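>>> Whatever this is, show me its structure:
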Amino acid sequence: MKQCKTVLVFEYLTYIKSKNFIIISILMLLLALILPTVPTAKSFLDGRGLQPGAASQTGGAMPAVVADSAGVFTPDVLRQYLPSYTFEVCAGAEEAETSVKSGQSKIALIFVEFNYTLLIPNMSLNSYTLGDTIDGMVKEMYLYSRLTPLGVSEETARGFRSFKPESRVLAVNADGGDGDRQRYMSSAAVSYALEFILYFALILYGQYIVISVVREKSTKTMELLITSAKPVWLMIGKVVGVGLAGLTQLTATITLAAVSLAVNGAARKNITGLVEETAFELPPHIIIFLFVFFVLGFFIYAFLYAGFASTASRMEDANSIAAFPMMLVVAAFMVSIFGMSNPGALFVKIISYIPLFTPMVMFMRICLETAALWEAVVGALLCLAAAAGLGVLSAKIYRLGTLMYGKPPKISEIWKMLGE
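Modelled structure (predicted):
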């Protein structure tokens, strides 16, 4: 046990002092600090009248032209729907196109009754948003043109268009939770963010284990180590040391994110003047299961990485050795992401009990409230059993692979060696 502790401390200190670990930690902490401030900055800008669409109020309206022979879409009408642009009437389509090509106008609108052509300098994502706004304007004006002959006033017609019912979308067959749409969207955002953290961590730390083991073998350091410590303790110490480094990084990131969310939530309340505001919070059980499945998932895949890495003796073989465990991580991540579209589906539930997929898929179900507490506990116990089993299996591979040099054996050859 003392040998394991020595290796553990050495691996932990070596990893947290590495340049890659420090750079990645700084980036993660910056994201945890900055991302929650985006809604706060938006609230601040909105409060000062700098929200999108207010350019005309600040004197920064962009030039635009309109061609409409029917005279329905006048500059005054367009200004109500597109306040960021100052429209001038042009003679026709040719003049409108020339104006945009020369850079005199940012956009041009050409109307033929209620059909239109939008001319822009270059295609961009903004063109889709602009098109949606113009579509809404045209539909509203079409509604006016049809209701006015029937004696309906423009104010009444505008009321028809602006009517918005109070609505709720509930999943009455939801497995846990009330299925509220807004709550689901918040939970989905949390699930996606934390799933990515798990995916990134398993890939990053697994690669480090592979490189560390292969480096020790390629430099003959392994031969010296196994004379002073059993191969099994070397593997366990290495895996646990890197795992503790990952937990240190994860804990710091989650803590800073929680503090940033709390501070920015209070700031938004002061900016908006609202007594209550929907907060983007991490429920305690989500945080608990994040750490539980992070640890269990890490050990499951770390033992696989370490076992396979011990069969390679050259750094050139590191990527090919890590390919199999990495494919499993990618598969688990993809299943969890696609499963978010229908987390209550039977196949998603079944996959969530397969230990190699449980850390991500079951965690996704927990975030989206489609997994009961007993299901999460069962999933965690299955992962614990799988980690123990893979630990024993990988220890055998590690013991056989530490003195194995040359071309890495195939998976079938590894199984054959274990049976001997």
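
>>> Which pLDDT value does the model give the residue lying farthest from the centre of the chain?
Seen from the C-alpha centroid of the chain, the residue lying at the greatest distance (Cα atoms, centre = their mean) is residue 151, 52.6 Å away. Per-residue confidence for residue 151 comes out at a pLDDT of 75.

>>> Just list the residues touching it, thanks.
When contacts are counted by Cβ atoms under 8 Å, 6 or more residues apart in numbering, residue 151 touches no other residue. Backbone N, C-alpha and C define where each C-beta goes, glycine included.

>>> how close does it sit to residue 144?
Per Cβ to Cβ, to the nearest Å, residue 151 is found 13 Å from residue 144.

>>> For residue 63, grab phi and psi.
Backbone dihedrals for residue 63, given as degrees, to the nearest 10, come out at phi -70, psi 140.

>>> typed the wrong thing, it's residue 118
Backbone phi and psi, for residue 118 under degrees, to the nearest 10, turn out to be phi -100, psi 120.

>>> Residue 111 belongs to a strand?
Yes - checked against DSSP: H, G, I helix; E, B strand; the rest coil, residue 111 lies within a strand.

>>> So what pairs up with it in the strands?
Residues in a beta bridge with residue 111, per DSSP bridges, are residue 68, residue 116.

>>> wait, isn't it in contact with residue 72?
Yes - Residue 111 lies in contact with residue 72 (Cβ atoms under 8 Å); the separation is 7.0 Å.

>>> With neighbour numbers in mind, choose between those two.
The residue with the greater number of neighbours, taking residue 111 and residue 72 and applying other Cβ atoms under 10 Å, is residue 111; the counts read 18 against 15.

>>> Show me where the stretch 1-150 of the chain has its helices.
Counting by DSSP state H, counting those that start in this stretch, the stretch 1-150 of the chain has these helices, from start to end: 2-16, 19-34, 37-47, 75-81, 93-101, 125-147.

>>> Now do the shared contacts for residue 111 and residue 72.
Contacts common to residue 111 and residue 72, judged by Cβ under 8 Å, 6+ apart, are absent.

>>> Mind checking the helices of the stretch 1-150 of the chain for the one nearest to residue 396?
Smallest distance to residue 396 across those (Cβ to Cβ): 17.0 Å, for helix 2-16.

>>> part of a helix, is residue 363?
Yes - according to three-state DSSP, the state of residue 363 is that of a helix.

>>> Without its sequence neighbours, what residue ends up closest to it?
residue 293 (4.8 Å; Cβ to Cβ, 6 or more residues apart in numbering).

>>> Contact partners for that neighbour?
With Cβ under 8 Å, 6+ apart, residue 293 has these contacts: 198, 358, 359, 360, 362, 363, 379, 380, 383.

>>> What distance do you get for the fourth one to residue 329?
In this case it means residue 360. Using Cβ to Cβ, residue 360 is found at 9 Å from residue 329.

>>> Now do the shared contacts for those two.
Residues touching both residue 360 and residue 329 comprise residue 199, with contact defined as Cβ under 8 Å, 6+ apart.

>>> Excluding chain neighbours, what is closest to residue 359?
Nearest in space to residue 359, with sequence neighbours left out and distances taken as Cβ to Cβ, 6+ apart, is residue 297 at 3.0 Å.

>>> Verify the stated contact: the one you found with residue 202.
Yes - between residue 297 and residue 202 a contact is recorded at 6.3 Å, counting by Cβ under 8 Å.

>>> residues contacting the residue lying closest to residue 201 once chain neighbours are set aside?
Nearest non-adjacent residue to residue 201, counting by Cβ to Cβ, 6+ apart: residue 246, 5.4 Å away. For residue 246, the set of contacting residues under the criterion of Cβ under 8 Å, 6+ apart consists of 201, 205, 294, 298.

>>> Can you list which of the contacts of residue 293 are found in helices?
Judged by DSSP state H, the subset of the contacts of residue 293 located in helices is 198, 358, 359, 360, 362, 363, 379, 380, 383.

>>> Mark which of the residues you listed are buried, thanks.
198, 358, 359, 360, 362, 363, 379, 380, 383 (16 or more other Cβ atoms under 10 Å).

>>> one step back: secondary structure class for the residue nearest to residue 359?
Using three-state DSSP, the three-state assignment for residue 297 comes out as helix.

>>> sorry, back to before: mind putting the ones in helices among the contacts of residue 293 into TSV with distance to residue 81 and pLDDT?
What follows is the ones in helices among the contacts of residue 293, written out as TSV (distance: Cβ to Cβ, whole Å; pLDDT from 0 to 100):
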residue	distance to residue 81	pLDDT
198	45	80
358	51	92
359	49	90
360	45	89
362	48	91
363	44	88
379	51	92
380	54	93
383	55	93
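
>>> Now render the residues you listed as TSV, adding distance to residue 36.
What follows is those, written out as TSV (distance: Cβ to Cβ, whole Å):
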residue	distance to residue 36
198	20
358	29
359	25
360	24
362	27
363	21
379	29
380	29
383	30
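
>>> tell me the domain ranges of this protein?
If you go by automatic domain parsing, the domain ranges for the chain are 2-39+176-419, 55-152.
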